[in-house]
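[1] What follows is a predicted structure for the sequence shown.
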2 protein chains.
Amino acid sequence: MLMRMSTLFVRTLREDPSDAEVPSHRLLVRAGYIRRAAPGIYTWLPLGLAVLRKIEGIIREEMNAIGAQEVSFPALLPREPYEATGRWTEYGDNIFRLKDRKDADYLLGPTHEEMFTLLVKDMYSSYKDLPLSLYQIQTKYRDEARPRAGLLRGREFTMKDSYSFDVSDAGLDASYQKHRAAYVRIFDRLGFDYAIVKATAGAMGGSKSEEFLAKADVGEDTYVRCTTCDYAANVEAVQVRPAAPAPYDDAPAAHVEDTPGTPTIDSLVDHLNTAFPRADRPWVAGDTLKNVLVVLKHPDGTREPLAIGLPGDREVDQKRLEGQLEPIEVEPMDETEFAKHPALVKGYIGPGVLGEEGKSGIRYLVDPRVAEGTSWVTGADEPGRHVIDLVAGRDFTADGTIEAADVRDGDACPNCTEGTLESARGIEMGHVFQLGRKYAEALDLKVLDENGKLVTVTMGSYGVGVTRAVAAIAENSLDEIGLCWPRNVAPADLHVVAAGKDDAVFAAADALVAGLAEAGLDVIYDDRAGKISPGVKFKDAELIGCPTIVTVGRGVADPDNQVIEVKDRRTGERQELALDGAVAALSAIVRG
Amino acid sequence: MLMRMSTLFVRTLREDPSDAEVPSHRLLVRAGYIRRAAPGIYTWLPLGLAVLRKIEGIIREEMNAIGAQEVSFPALLPREPYEATGRWTEYGDNIFRLKDRKDADYLLGPTHEEMFTLLVKDMYSSYKDLPLSLYQIQTKYRDEARPRAGLLRGREFTMKDSYSFDVSDAGLDASYQKHRAAYVRIFDRLGFDYAIVKATAGAMGGSKSEEFLAKADVGEDTYVRCTTCDYAANVEAVQVRPAAPAPYDDAPAAHVEDTPGTPTIDSLVDHLNTAFPRADRPWVAGDTLKNVLVVLKHPDGTREPLAIGLPGDREVDQKRLEGQLEPIEVEPMDETEFAKHPALVKGYIGPGVLGEEGKSGIRYLVDPRVAEGTSWVTGADEPGRHVIDLVAGRDFTADGTIEAADVRDGDACPNCTEGTLESARGIEMGHVFQLGRKYAEALDLKVLDENGKLVTVTMGSYGVGVTRAVAAIAENSLDEIGLCWPRNVAPADLHVVAAGKDDAVFAAADALVAGLAEAGLDVIYDDRAGKISPGVKFKDAELIGCPTIVTVGRGVADPDNQVIEVKDRRTGERQELALDGAVAALSAIVRG
């Protein structure tokens, strides 16, 4: 493909567009890759489309390589299948709904689980037809409340979504691993820096779930990673390593003490250090066991109180808590609801009245740090009194554990013994997860197994944000002068600048470009004559960001020693090449 | 690409789907190319997608070859640009409209004239930037009242649409001719039988306009073609060749006669033959001049009477009439309106009272056959009386001519002297037309010309129905046993059937297929073992319709003389080929 700047449909801008919030968006507009058509909705210009197609090509190759088969679903979808799974309602304002002329309800598909499930149900009926993996590269719609950051969060966007269909859990796991490996190859080939992050399955249901995040400061996703090993996880998915049970044979017996005016952790710690000083070390918040009361709102509308016990230096992280309990929602317990439980003494609640066996009857779940044998100061369920040396497993037992405490930089890594966690930001580029039987059950996708018995199929779901990848790669690679594409996705392999006014320069450049095109290379050729100065051409080349910039200029003047200049866009390194044999030398640079 | 029937996501059906109205739809569903997702909305299965991609590839190559540049617009579009051109309202129920969460109006784009116009306005400002041709291959939406015939009239479909931008009319004409030539190459390569048909520009405005119609009995478009030359036109666009003025010096003078009880053409002709018999030939309907009154409804709501004079053996064709007058609508003149014109005598209206100079003041347009010097029997504007020997140009003059008379099989060809017209049906596959300045004016697309003056750009619009092409090609090529694809668009070059149970057959077929894939051929390989009989495999191969079917069967049993059978799907011709060297021989067949 040869693109001549004299005719290419592009107009570079020196000014940042006013609505661009992130660098990739600014540069993709300024360099003429995309144009905004409406909030969160973009038009692709030739340069942008070239990048998009290269990304699609890489994805397609890797999906075909694992035996996934390409199909293509419509974007305009009938309501019924989404009604059957409850998502017509669940999506709330986040999907676009419309009616046709006969007043039938439609939506613009945000994801296609239902449609894939129904298609396989329509076509297949036996275990012999499975395993099956299908994918599409297709336009999707979400009515985002705040479309922002250009292509990073659009309302119309392209995704590769695939689905696997298996009879057994082991089969699902194999399909999942195949997709995961394909994603590693895809993201490696796309050439950007990413983390594979453990995730909760969220609203989609299911079990195993990992996200591929492009590392980026502008990313909307926060995750934590280990400073030492390769562990990474969404904050919601971090699982604290449970402490091994500690021996407590020698632990002192629990004793209730007067601690007047200590309804908060801070006031309690102050009081402990004054009234019950310890010889070896002062009391700290982490020595106390805080019990937080919340109310669970079940999908059927019923409300249930829940007590969460966690070390006094931790807070309940609402998102982590809800991540564990989905689809249940959680809210703090208000005064009215609190008053219904006379056993609860505000500021002095202890395990004594909690748990399904306790006086309050309120279910009691504790942080994994509250392990058997650990010793705590906690409320004595009387105003102004606390228990000291209360040992978990000896003096009280919770109804279970829950991952509700906030995760902090410096927390121990759940995966290795040396590292600690640090938080980072990223852009969600891919997601692999095990849906399980949720959709197959809702839509009755069953096949006959080896014994002629109908069994429900188990599914995996795998997505890559394709238009988002354009922005994420741009974000990951740009610098202060422009875009700077990895070689595999650049709109062209080479950007050749004819820098000069005399015909010899253009003749040499024309011949070189013809040779490069013939060698099968994708070339942008700045053949603009007239008033366009070499300086403007170089600025445009740097802004557009092809990996190699070739200048044909004064160096071709000496007929006995014609040279051109080759610049690596990323490193800025320059080298001279003899014009004679330049096609082969440039091909070698491009093909690495 | 190698597709193995053992794993290919396909399920052929022996029964026709109940909702399929046309053969291509039946077979595309039965052979596993598409599945219906909702009325007029389809899912593409791997075989269908393979055909679609080949068609897209051919279109893309030919568009790039004329220097058109590919872009991609969103399908979800804001209301404002369509409001500016009036199409938001004009489309009526035919577009899908929706609101986003902020209650802003959107539509699903039916065509993108507005968006292309605004994009060029946004990017370009000088005559030096033009000419420019842009195209996209993109999903479009129309809320058809009766989606029918499968992909032939869908509600979600893919189109290639392009637009040219020029400063001058001559430039537009050159861009138009380039596109037209590209379309000829595209449709030739797609390998189906088509006609290039003169068309009226219709609701899009503009001047020159031609349609590419696939010849098909199931087509919704009627057109006429010459039995002798290559003339073809939509009925709306047929222009009767005006007769040369005939000398009338020797013609008898007009004379009014009593013709009681002859308000209809039939009764008049009967009366003429009885009361005024001619020696040389009887009176026929074509000797009479019929004057039909209609009412024009202008877009601003005003109503205007119009009289149309045409030979008595012709009827007014409402579509042809409206085609001439667009955007004016036409309805018959009712009794109330008729009564407002006392000069009109029902059943006996003649040119005497018509025309802007006539007593009624009603504008009077005549069929081109009512040429100067032609002689007619027509109403004398008195009850029961007609004029005989009334000569056009001598005794009356109309306000102009109009193409409103119906077109009939056997009519003289407007283009050649020998041929006559015959009607035919087709499927609109492509449309090239000169939009002119309609959209550029509405959206203010101007550029500076050579003299630094702002001039309005003139545009051409060019479309190909891509998904529709799949069905049209299928329709054009299928036979009683299945689909039968032209080579350039077939889902695979070869369909190889392993016909037998013993391992030797499969081993030979496996080796052959591996060689074919290595040679770069697209192959469907029916490697299904077990209970699938060769008969079932052959039926599937014929249904799926690749141009060449290769059977590896008993012929490979003799190690000294291994042969395979090659069958041409279209002609049914069979030949044996030595297995040794078969890859080269089959490549030669495929590559023609």
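    Received, thanks. Numbers count the residues shown, from 1 in each chain, chains lettered A, B, ... in the order given.

[2] give me the low-pLDDT residue ranges for chain A?
    A:201-206 (pLDDT under 70).

[3] Could you grab the helix/strand/coil label for the closest residue to chain B within the stretch 301-450 of chain A?
    When scored by CB to the nearest CB, the stretch 301-450 of chain A has residue A:447 as its residue closest to chain B, at 12.9 Å. Yep, even glycine has a C-beta here, placed from its N, CA and C like the rest. Using DSSP: H, G, I helix; E, B strand; the rest coil, the secondary structure recorded for residue A:447 is strand.

[4] Can you name the residues that contact it?
    Residue A:447 is in contact with A:124-127, A:129-130, A:167, A:454-455, A:457, counting by CB atoms under 8 Å, 6 or more residues apart in numbering or on different chains.

[5] Which of these are buried, as a ChimeraX select command?
    The buried subset of these, as determined by 16 or more other CB atoms under 10 Å in any protein chain shown, is captured in ChimeraX by this line:
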select /A:124,127,129,130,167,455,457
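
[6] Of the contacts of residue A:447, which ones also sit close to chain B?
    With CB under 8 Å from any CB of the partner chain as the criterion, the subset of those in contact with chain B comprises residue A:124.

[7] just curious, which of the contacts of residue A:447 is nearest to residue B:35?
    Within those, distances to residue B:35 taken as CB to CB reach their minimum at residue A:124, with 12.4 Å.

[8] can you give me the helices in the stretch 151-300 of chain A?
    A:169-190, A:265-275 (DSSP state H, counting those that start in this stretch).

[9] Let me fix that, I meant to ask about the stretch 351-500 of chain A.
    Assigned helices in the stretch 351-500 of chain A, in chain order: A:438-443, A:466-477 (criterion: DSSP H, counting those that start in this stretch).

[10] what's the domain layout of chain A?
    Taking automatic domain parsing as the domain assignment, the record places the domains of chain A at A:2-238+A:423-475, A:255-401, A:492-590.

[11] Could you identify which of those is most buried?
    When these are scored by mean count of other CB atoms under 10 Å in any protein chain shown, the highest mean neighbour count falls to domain A:2-238+A:423-475 (a mean of 20).

[12] got the end-to-end distance for it?
    According to CA to CA, to the nearest Å, domain A:2-238+A:423-475 extends 26 Å from its N-terminal end residue to its C-terminal end residue.

[13] Spell out which parts of the stretch 151-300 of chain A neighbour chain B.
    Those residues of the stretch 151-300 of chain A that sit near chain B, judged by CB under 8 Å from any CB, are A:155-156.

[14] Nearest to chain B, out of the contacts of residue A:447: which one, please.
    residue A:124 (7.1 Å).

[15] List the residues that contact residue A:64.
    Applying CB under 8 Å, 6+ apart, one finds that residue A:64 lies in contact with residue A:70.

[16] Beta-bridge partners for the residue lying closest to residue A:466 once chain neighbours are set aside, please?
    Closest residue to residue A:466 apart from its sequence neighbours, by CB to CB, 6 or more residues apart in numbering or on different chains: residue A:158 at 4.1 Å. Residues found in beta-bridge contact with residue A:158 (criterion: DSSP bridges) are residue A:139.

[17] hang on, the earlier thing: format the helices of the stretch 351-500 of chain A as a markdown table; extra columns: distance to residue B:429.
    What follows is the helices of the stretch 351-500 of chain A, written out as a markdown table (distance: least, CB to CB, whole Å):
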| stretch | distance to residue B:429 |
| --- | --- |
| helix A:438-443 | 37 |
| helix A:466-477 | 30 |
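
[18] gap between residue A:577 and residue A:571?
    For residue A:577, the distance to residue A:571 under the criterion CB to CB, to the nearest Å works out to 16 Å.

[19] Could you export the domains of chain A as JSON lines, including distance to residue B:33?
    Listed next are these as JSON lines, based on distance: least, CB to CB, whole Å:
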{"stretch": "domain A:2-238+A:423-475", "distance to residue B:33": "11"}
{"stretch": "domain A:255-401", "distance to residue B:33": "39"}
{"stretch": "domain A:492-590", "distance to residue B:33": "33"}
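
[20] who's in contact with the residue in the stretch 151-300 of chain A that chain B sits nearest to?
    Distances from the stretch 151-300 of chain A to chain B, computed as CB to the nearest CB, single out residue A:156 as the nearest residue at 4.9 Å. Residue A:156 sits next to A:40-42, A:139-141, B:74-76 when contact means CB under 8 Å, 6+ apart.

[21] 6 Å instead?
    If a contact means CB atoms under 6 Å, 6 or more residues apart in numbering or on different chains, then residue A:156 has A:41, A:141, B:74, B:76 as its contacts.

[22] Just confirm residue A:32 is within a strand.
    No: according to three-state DSSP, the state of residue A:32 is coil, so it is not within a strand.

[23] what residue is smack in the middle of chain A?
    residue A:428 (2.5 Å; CA atoms, centre = their mean).

[24] Please look at it and residue A:209 and confirm they touch.
    No: the pair residue A:428 / residue A:209 is not scored as a contact, 11.9 Å apart, by CB atoms under 6 Å.

[25] What helix or strand is residue A:520 located in?
    Under the assignment given by DSSP states H and E, residue A:520 is not contained in any helix or strand.

[26] Residue A:3 is in contact with residue A:524, isn't it?
    Yes: the pair formed by residue A:3 and residue A:524 meets the contact definition of CB under 6 Å, at 4.8 Å.

[27] before we move on, could you check phi and psi at residue A:343?
    Main-chain torsions, residue A:343, degrees, to the nearest 10: phi -70, psi -20.

[28] quick check, distance from the lengthiest strand in chain A to the centre of its chain.
    Among the elements of chain A assigned as strand by DSSP state E, the one spanning the most residues is strand A:421-436. On the basis of CA atoms, centre = their mean, to the nearest Å, strand A:421-436 is displaced by 4 Å from the centre of the chain it belongs to.

[29] do stretch A:335-353 as well
    Per CA atoms, centre = their mean, the displacement of stretch A:335-353 from the mean C-alpha position of its chain is 40 Å.

[30] Now do the same contact list for residue A:409.
    Under the criterion of CB under 6 Å, 6+ apart, the neighbours of residue A:409 are A:422-423.

[31] let's see 7 Å
    Neighbour list for residue A:409: A:421-423 [criterion: CB atoms under 7 Å, 6 or more residues apart in numbering or on different chains].

[32] need the next SSE after the helix or strand hosting residue A:536, C-terminal direction.
    When secondary structure is defined using DSSP H and E, the element that contains residue A:536 is helix A:534-544. The element immediately downstream of helix A:534-544 (helix or strand, assigned by DSSP H and E) is strand A:548-552.
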